[in-house]
Every structure is written in C-alpha cells, then in structure tokens.
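Trainee: Show me how the following folds:
(chains A and B)
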Amino acid sequence: MVIDGLPAEFVLGRGGKPPAREMMESMPYTQSLLAGCRAVGYHAKAAPPTVTMPRLKAMVSGAIGGFLDVALNFNTQAFLDDNILDQLHTIGYKLVMLGDETWIKLFPTLFYRQDGVSSFYVKDTVEVDFNVSRHLESELAAKDWDALILHYLGLDHVGHIGGRQSNLMTPKLKEMDDVIRRIHAAVTSIQDNSHRTLLVVVSDHGMTEVGNHGGSSYEETDSLALFIGHSVESSHCSPYDQKEALQVDLAPTLALLFGIPIPKNNIGVLLPELFNSLADDQKLRTLELNSWQILRLLQKQRPAFCSEDCVDSKDDFGADMLPESTEKKLCRLLSKAFASHRSSLLHRDSNFRSVEAAGLFGAAVDSYSGFLRHASEWLSHRATDKPLYLLASAISLMIISCFSLAGIISCIFKGPPQIKVEHHSELDLDKNWHLDEVFILMGIFLYVASLGSSSFVEEEQYIWHFLTSTLYLIFLIKTVQSILKESNSTLVHRSETKTFHKNNSSYLASYKLIPGQQDGCKLYTVLIVLVAGRILRAWYQGGINWVHFPDISKILNQSDSSIVKSLQTISVLAVVVLYSVSLMLLRTRRILIIGLWLSHLSCGLLVMLHIWKSQVDTSVPINNHSTTSIAQIFYVIASISVTCTFLLSPWIFPTHSKEAEPTSSSGSNPEKAHGLNHSVFLTGVTYTMFWCLLQLLLQQPINAVPVLLILLQIISSVIYFSLEKSLHRQWVQGCRNAILGNDRPLWPWEHQ
Amino acid sequence: MGAEVTQVSAFTAVLAHALCLAGLAAAHSLAGRGALLSDPAHALRLLVVCEAPLVIVVFSLLRRDPKRCSFLKAAARGLLGLPIGAFLNAFGAIVLGAPVGIKYWIATTYWSCLMSLFTFVPAACVFGASKVDWQNVLSHSIYGTSSNVADYMISAPSHGAVIGAWLGAWPMPLDWERPWQVKILTATF
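Mentor: Predicted coordinates for the structure are as follows:
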C-alpha cells in the first residue's frame, strides 16, 4: 500500500521520539500495531529526485535512477528493467493494482485487474482515494489474486494544497488508517493465509513544510516503510527508534521473503528484523544470496574485483591499521563472510552444537552485513557520479555558442548602412547605447543567472515583476527627461513637428498632438502600466515561501459575493467602453465597424448576464443549462466577429486615397501604409477585446479585475510605443512584449 | 541666468560627502548595534533626524549661485525637497514591490525620507529649480563629458544610492532566513 507523500515522521516520529500527539491520534490503529510489536517501521531514505515515478521504479527494482527520469515523468514508458513485480508474475502470481495510473504506465500488461486513477488534478483530495477504496471490499473478499497494490494519492494532494499543517491532513491520515485497519482485519480473519500474508505500507517520498517535494531535503526524502505481518511480530520492540534504511532496501527484502530472485540491478540491502522467524542457516542463506547479487553488480563495474581469494588468516586484528582501498576492504569482508559461512555449515552438519557454531554464525552475519552495507554505499555513489570533464566541456561549449550568437546578431544590427534618411530622427541616437537597451541586456543576464539558485526559481514571478517594473521606471525617467527638454526648447520644435507628423505613420500622431500633450500622454501611459503592474502583483501572493501572506485574492475570497460581482461588472463595462473608444479613433462610419461594435456590446451583455446568473463561491460546477447556452452564443458571436474582421478589414480601408495630397512626393506608399495600418490596428484591437471578454467569461470571478489590468497595461504600452517611435529601437519593443508576456503565466489562475 | 556660478572644487566635494558619511556613522552608533534589525522604524527615524540637518546645511553652503539666493533660501529649498523626494522614492519602491499596508507605512516613510536625503535633497539645495541642471542629474550622459565638479557631486551619489537600493533588493528571496532579509532593510544596507 503506497501512501503518496507520507513522511515517516508522521508515523514513526524523529530522533527516537514518538510523533506529535495529533499525528498519533489521527492514526490510532497503526500506532497500536506499532506499540503492540506487530509492525516494524523504517525511515526509508529515498534518493532524489523525490518524484513519484522514479521512486516507484527504485522501490520495485532496487536500482537508483537519475534525474533524467524526471524528464520522462510526463511521458512514462514501460519499465523494462528487472524488478520484483515481473518476477512475481513469472512465478504465476496474479497482481491487482488500484490507484495511481503511473503503475499502469510502468507495467502496461502486467496486472490481472487494474483501476488507474489520474494524478493530474492536484486539487482533488477526495475522489482520488475514493476511487481506490471503493474496490477494497470486493478485492479483500475475492480469492483469485496473490498480490494487491494500492496507491493513494490523496495525502500528496493535501500536502500540495495546504502543506504539512493543512487542516485536511488529519482527516486524510484517519482515512488511511482506516484502510490499514480494514486490510489487516481481512488478513487476520483468514486463518490459513494470515501466516503467509504481508502488508507493506510504504510512501514514495515525504514532503517539505509547505507540501512540495522533488528535492533532497530531509523532509522530502524521509519516506516510510512499514511492515505488518505475522513474520514481523516479536515479543519486545522499541517502535519509535530511528530505524534507518534505504528505500531501495525494499526490493531485496520482499524478493527474499517471497523466494523470488533479487532484481539484477538492486543495490539495496535486506532488512534483518523481518527475517526473525527464519532459522539461522536460512538467515545466512538470505545474506549470501544478497551478497552474491551485489557481487555480480560490483564485478560488472570492476571486472577484476575480488578475482582471487584474499582471506587473510590474521584479519581479526590489525586489519584496520592499514588504510586500504574500498575495493580491498569489500573483498576482504566478503571473503571472510564466505569463509565463516562455510565453516558454520560444516558445523551444522556435524552432530554437536557449540558456542563455536554460534560464534561463527555471528561472525558470518557481521561480515555479510558489513560487506553489504559498504558495497551498497559504494554502488549508490557510483550511480550519482558525474563526469566532471564532460560537464565542464559541455558548459564551456554552450557559453561559447551564446557569445558567438550575440556577436553575430550585433554584427547584423550594425551592418547594413542607413540609406534612407527617415530612419534617422533628429536626435542622432543610433550609435549610442541607451540605458533601457543596456538594462534589457543586463536584465536578461541577471534573470538567467538567477535561475542557478533554487530560491530564485521558486520566486521567479517576483524577478519578472521586478525587472519589468524597473524597465518601465526607466521609460518614466526618459519621459520626464524629454518633458524637461521640451519645456526648455519649445519654439524650436513646434515648426518641425508638423512635417514630422506627416511622415510618421504612428496612428495616434495623426491626431496632431502637440509635443507637450504627447509627453503628457506618454507619462500617463507609463504610470498606468506601473500602477496596474503593482496591483497585479499584489493580487496573488505566488511562489513557495510567501504563499501564506495576505493578498487581494484572499481578501476577495472572504468578502461578500456582491462585491466580487460588482467588480466583475465594472471590468466588463470598462472593456466595452475601451473598445468603443478605440473604434471611434478610426473615424469611419462603415457598416463593418458598427457591426463589430454591436457584436462586442452584445457579447459584453452576455458576459454580464452570465455573471449575474452564476454563483460566486461554489467550486462544484453547476449543471445550469442557461449559463452553458449563454457561453455557446458568446462563442459563436465572438468567432464570427473576429473572423469577419480579419477577412474584411483590408477591404474597407482604401489603399488609394481620394483626398488630394499635393506634396506627396513619395507616391501612394504612405496611403497604402496608412490603409494597412488601419486594418492591422482594427484586427488587433478587435482580437484583443474579444479575448478579454472571453477571459472575463471563463476565469474565476476574482480574476476579473486582473484581466482588465492586463488589458490596460497592453493598451498603455502600445500607446506609449506608438508615441515613442523616434527614440527606441525595434528590439526594445520586442523584448518588452516578451517580458510582459512572460510575466503572466506564472500565476496560479484557474478556469471555472 | 547671468548670475555667478561658484565652481566647486573636488576637494570641497569630497569634504562634503565625508561630513555626511560621518553624520551617518554617528547616527548609526547612536542607534546602537543591530537597531536596524530589531526596530527598523526607530533606527531609520534616528538616522533621518541626524542626517537631515547635516545634509541640508552642507549642500546649502555649496549652492550654485550664492549671490542670488541666500543660505536660508537654499535650506528652505532643501526642506521642501525632502517630502517631494520621499514621495518619489516611496512610489518607486512600491512599484518595485514594497509592501503596501498599515503596518509597513511608517518604516516605508522613514526609509523614503532617508533615500531622498541622498538623492533629491542635495540637488534641491544646490540647483534649485533650474531645469537644465535637473536634466543633467537625470541623465547619465554627463559621465565623461562634463567637467563641472558640482554635476558629479550631485549625480554620482544619487545614482549610486538608487542603484544600491535596487541591488539591495536581490538577496530577498534567498532562503538564508536571516533577519535582515526584510525588503526595506536590504535596500537600506
């Protein structure tokens, strides 16, 4: 029975002390088993990455995988290595699997019966376990299977939602305890089977304080291995001792208990307390089998390992004086173990038992255990050894290629000579590096460097917000600078601006704003972007470490639903108004424009209707027919409008102007450019506004205002850059877009 | 502006900054060890109270045109510039993510006053309201082109203070769990 994400601390305590009182009270049956010496629990240390699939593989095969398995976690493939499940299947066992569908992905054709549960819906803590437990009664009553695998995901999901201290944790632990009780009751009620049945409760990994896992901290690697069965019972025990083991020790232990071959690549060591019911020579045999298997692995790594017998008769003393290599030490221990084992077998065959036999037995056990422990350690280090030279050369190659790319790009940008005069504005700034360009480059390097620290990766959204806000503060400074310059030299510029605007294809400049108004406009747009960005940052306290701090969404969640609804309505109204204003800027009275405006208005009304019909704070989706039909009508209208805009807008804006332009020496190109500009503007703004309405329809109610704020940011940025055409290069705008866009997906937004 | 403009020598500039630094050190030692950690608002207030008169006096003495505007007028300009600069610095800090809340605003106020003492007030005392000089402060193109010591004296510390505060915000997400990793404190340091 795999309980995903259960730290061993919850059941076994830590450092020799029993667990906290709430933990003990939430798993009463299990604690009674431990106290009554009918169960043995281990702190089975898991190797990183502490993610489910690699840990399951390690549990069944005894081999430690690497981090590459995490990349395969999303597209798990069948497990082809030697493992205990395949061995059980080979001897004819019928295996039943109920729980996480990762097992089915690992073993597609192995199970006699199976019911996989998807692990992707992290918010669900009830159904995932109910889907497993609903089969429990029938499976416990059935007699046609030999091994039952249960994998409960609920506890892991509880941890991800609320951390270790979540108030869902205690009921979930009680539920798991109840399952253990049911299984144990069923096992002990069957008279002939109870001696041959073992209940193994394991967890694949632990969890940090906030409920995450994947790393190598103590809390994450502290997984449980609890054995409940007749062979484990003893008369006296100390259940809360810190019994340490490795998670890979599970495979050889189970293999030897069930009499199947130990998986080939196993590096685990059997757990001795579970073999208490065996006779001495049987115990020695199990140790011998485990040692042979590990010896084979060692010989694969080092073909010349222990090829000659190196038993030293003087090795009882003085062996530790000389420092010896690990290989020699392992070889010595193994040879000693074999020798003692052989001697004790000889003594067994003879007719008398003596203290000597017991002494030889003890020596054999000690030598075997020493060899196994050291060999296991050595092999697990080998598995995670990194070839330093390969790594260093690969990284330096990457850095060289990065710099070459940067060099090539800068050559391209500086290369083609400026033929057309209008590329240069009056301000000859093309040769100097601006502060914003320097900052963008530096910001990209800073961000990439910050990815090296896991703390920065956890709080990545703050870094994006920080860099974006700094960039816009730099824009603000530039705007203030140009305001100061403008007020210094107003007379000189005014005569130039008129000709400047004629050639400028900026859309808003066609309104012939005077420079003072332009600068004021730019100032307001940058301020809007900054303030909206700050409010957005305060909306969700994301990341890992500061999630529990208050933020606006938490306040809204607790407040009255009418406040949230009114905020939603305001957002919808704002979007509709913004679209009307932008359509009015086009200053044409074509039917298409009016039609678009009407369809947008009707979509806005549909969204408002949807808001008022749906409830705010239920998480279960309502099977309300009218809201679905509202949504469907919305989809139809929106998709028709957007498609019409895209197809028809080039036709409505004339490419040949009918107005007389006496001084248009450049021919019909500006007019064509104007027409194309208008249609691109119309398509873009229509698409954006309909997308906003779609988001307002689909997102959670408390996310309505963020959608509006993002729209404001986008519009302000577009306005700012259309007024700034002279001062910034194209790639600054591109970077700005990319950075703004990157800021958004890092928030935990959910759809209804 | 045909008035006389006093040229400030490099030595005077260094002396001025040394005085301000001395005042800062004195205020810090007055506040006691670790006062910034245990009671940031109190320590910041002490720093502001100690540093403000020193900065205003020193930079009013170094004002650009001593004939046209008296010492008191320059000092008044500096005092006026203090809240304005504080507001601008607070706005910048909040936009970059400083917490907005009742229990934070006292510390934020004192911090922004301290920052404006380094960024805004010297310029207000020395330059007054002349637009050309403010332009020079804002732009970075004076580095390397201007030979006027006064420009450097004002621009370099203010740019440095802003950049230092910006860089000081970076250690915050690191999970070293030190008490000085509260936002304002790292920026102050």
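
Trainee: quick one: secondary structure of A:Asp115?
Mentor: The three-state label given to A:Asp115 by DSSP: H, G, I helix; E, B strand; the rest coil is strand.

Trainee: could you say which helix or strand contains B:Thr109?
Mentor: Per DSSP states H and E: B:Thr109 is located in helix B:105-119.

Trainee: And the average pLDDT for that helix is what?
Mentor: Helix B:105-119 shows a mean pLDDT of 83.

Trainee: Give the next helix or strand downstream of that helix.
Mentor: Sequence order places helix B:121-127 as the next helix or strand after helix B:105-119, per DSSP H and E.

Trainee: pLDDT score assigned to A:Ile611?
Mentor: A:Ile611 carries a pLDDT score of 84 in this model.

Trainee: Do you know the pLDDT at the nearest residue to B:Met153 once chain neighbours are set aside?
Mentor: For B:Met153, ignoring the flanking residues on the chain, the nearest one in space by C-beta to C-beta, 6 or more residues apart in numbering or on different chains is B:Ala13 at 4.1 Å. In this view, the C-beta of every residue, glycine as well, is placed from N, C-alpha and C. pLDDT recorded at B:Ala13 is 71.

Trainee: which phi and psi does B:Ala13 have?
Mentor: Dihedral angles of B:Ala13 (phi, psi; degrees, to the nearest 10) stand at phi -60, psi -50.

Trainee: Counting neighbours, what do you get for it?
Mentor: When neighbours are counted by other C-beta atoms under 10 Å in any protein chain shown, B:Ala13 registers 18.

Trainee: thought it was touching B:Ile154?
Mentor: No. With contact defined as C-beta atoms under 8 Å, B:Ala13 does not reach B:Ile154; the gap is 9.2 Å.

Trainee: Tell me which residues are up against the helix holding B:Thr109.
Mentor: B:40-41, B:44-45, B:47-48, B:51-52, B:55, B:81-90, B:93-94, B:98-99, B:157-158, B:161-162, B:165, B:184, B:187-188 (C-beta atoms under 8 Å, 6 or more residues apart in numbering or on different chains).

Trainee: change it to 6 Å
Mentor: Helix B:105-119 has contacts (C-beta atoms under 6 Å, 6 or more residues apart in numbering or on different chains) with B:40-41, B:44-45, B:47-48, B:51, B:55, B:82, B:85-86, B:89-90, B:157-158, B:161, B:184.

Trainee: Next, give phi and psi for A:Leu153.
Mentor: According to degrees, to the nearest 10, A:Leu153 has phi -100, psi -10.

Trainee: Equivalent analysis for A:Asp222, please.
Mentor: Backbone torsions of A:Asp222, given as degrees, to the nearest 10, read phi -90, psi 80.

Trainee: residues touching it, list them.
Mentor: A:Pro7, A:Ala8, A:Glu9, A:His43, A:Gly206.

Trainee: measure the third one to B:Phe91 for me?
Mentor: Read that as A:Glu9. Per C-beta to C-beta, to the nearest Å, A:Glu9 is found 47 Å from B:Phe91.

Trainee: got it, and the fourth one?
Mentor: With distances defined as C-beta to C-beta, the gap from A:His43 to B:Phe91 amounts to 53 Å.

Trainee: Settle it for me: which of these two has more neighbours?
Mentor: Higher neighbour count among A:His43 and B:Phe91: A:His43, with 25 against 18, using other C-beta under 10 Å.

Trainee: so what's that one up against?
Mentor: By C-beta under 6 Å, 6+ apart, the contact set of A:His43 is A:Ala8, A:Asp222, A:Glu244.

Trainee: cool, and B:Leu19?
Mentor: By C-beta under 6 Å, 6+ apart, the contact list for B:Leu19 reads B:Val58.

Trainee: Assign it to one of the three secondary structure states.
Mentor: At B:Leu19 the chain is in helix, as set by three-state DSSP.

Trainee: ditto for A:Leu98
Mentor: Here A:Leu98 is strand, with the state taken from three-state DSSP.

Trainee: For beta bridges, what are the partners of it?
Mentor: Note on A:Leu98: beta-bridge partners by DSSP bridges are A:Asp115, A:Leu150.

Trainee: Toward the C-terminus, what is the element adjacent to the host helix or strand of A:Ala394?
Mentor: Assigned by DSSP H and E, A:Ala394 falls within helix A:388-414. With elements assigned by DSSP H and E, the helix or strand that comes after helix A:388-414 is helix A:435-450.

Trainee: residues of that following helix that come out buried?
Mentor: A:Asp436, A:Glu437, A:Phe439, A:Ile440, A:Gly443, A:Tyr447, A:Ser450 (16 or more other C-beta atoms under 10 Å in any protein chain shown).

Trainee: what's the pLDDT at the first one?
Mentor: In this prediction, A:Asp436 carries a pLDDT score of 73.

Trainee: do the same with the fourth one
Mentor: Here the pLDDT value assigned to A:Ile440 is 82.

Trainee: mean confidence score for the biggest helix by length in chain B?
Mentor: The helix that spans the most residues within chain B, counting by DSSP state H, is helix B:71-95. On average, the pLDDT along helix B:71-95 is 84.

Trainee: touching chain A at all, it?
Mentor: Yes. Helix B:71-95 reaches chain A (C-beta under 6 Å from any C-beta of the partner chain) through B:Val95.

Trainee: and that helix with helix B:105-119, angle?
Mentor: Relative orientation of helix B:71-95 and helix B:105-119, computed by axes from the mean of the first three to the mean of the last three C-alpha atoms, to 10 degrees: 130 degrees.

Trainee: contacting residues around helix B:71-95?
Mentor: Identification of contacts with helix B:71-95 by C-beta under 6 Å, 6+ apart yields A:469, A:530, A:534, B:56, B:60, B:63, B:100, B:108, B:112-113, B:115-116, B:120-121, B:124-125, B:128.

Trainee: again, but for stretch A:277-293
Mentor: Stretch A:277-293 is contacted from outside by A:Ser231, A:Pro252, A:Leu256, A:Ile262, A:Leu270, A:Phe275, A:His341, A:Phe361, A:Ala364, A:Tyr368, A:Phe371, A:Leu372, using C-beta under 6 Å, 6+ apart.

Trainee: that older thread, and the helix holding B:Thr109, what's buried?
Mentor: By 16+ other C-beta under 10 Å, the buried positions in helix B:105-119 come out as B:107-119.

Trainee: tell me the SS of A:Val223?
Mentor: Small correction: residue A:223 is Ser, not Val. Following three-state DSSP, we place A:Ser223 in the strand state.

Trainee: Apologies, that question was intended for A:Met608.
Mentor: From three-state DSSP, the assignment for A:Met608 is helix.

Trainee: ok, so what distance separates it from A:Val576?
Mentor: Applying C-beta to C-beta, the value for A:Met608 to A:Val576 is 9 Å.

Trainee: Could you do A:Leu168 as well?
Mentor: As judged by C-beta to C-beta, A:Leu168 and A:Val576 stand 41 Å apart.

Trainee: Neighbour count for these two, which is higher?
Mentor: Neighbours were counted for A:Leu168 and for A:Val576 using other C-beta under 10 Å; A:Val576 has more, 21 against 16.

Trainee: how close does the more buried one sit to chain B?
Mentor: Distance, A:Val576 to chain B, using C-beta to the nearest C-beta, to the nearest Å: 29 Å.

Trainee: so what's that residue closest to, chain neighbours aside?
Mentor: Nearest residue to A:Val576, sequence neighbours excluded (C-beta to C-beta, 6+ apart): A:Gly604, at 4.2 Å.

Trainee: Now do the SS call for the one you found.
Mentor: Here A:Gly604 is recorded as helix under three-state DSSP.

Trainee: Hmm, it is touching A:Leu573, no?
Mentor: No. The pair A:Gly604 and A:Leu573 does not pass the contact test of C-beta atoms under 6 Å, sitting 7.5 Å apart.

Trainee: who has more neighbours, these two?
Mentor: Counted by other C-beta under 10 Å, A:Gly604 and A:Leu573 do not tie: A:Gly604 has more neighbours, with 23 against 13.
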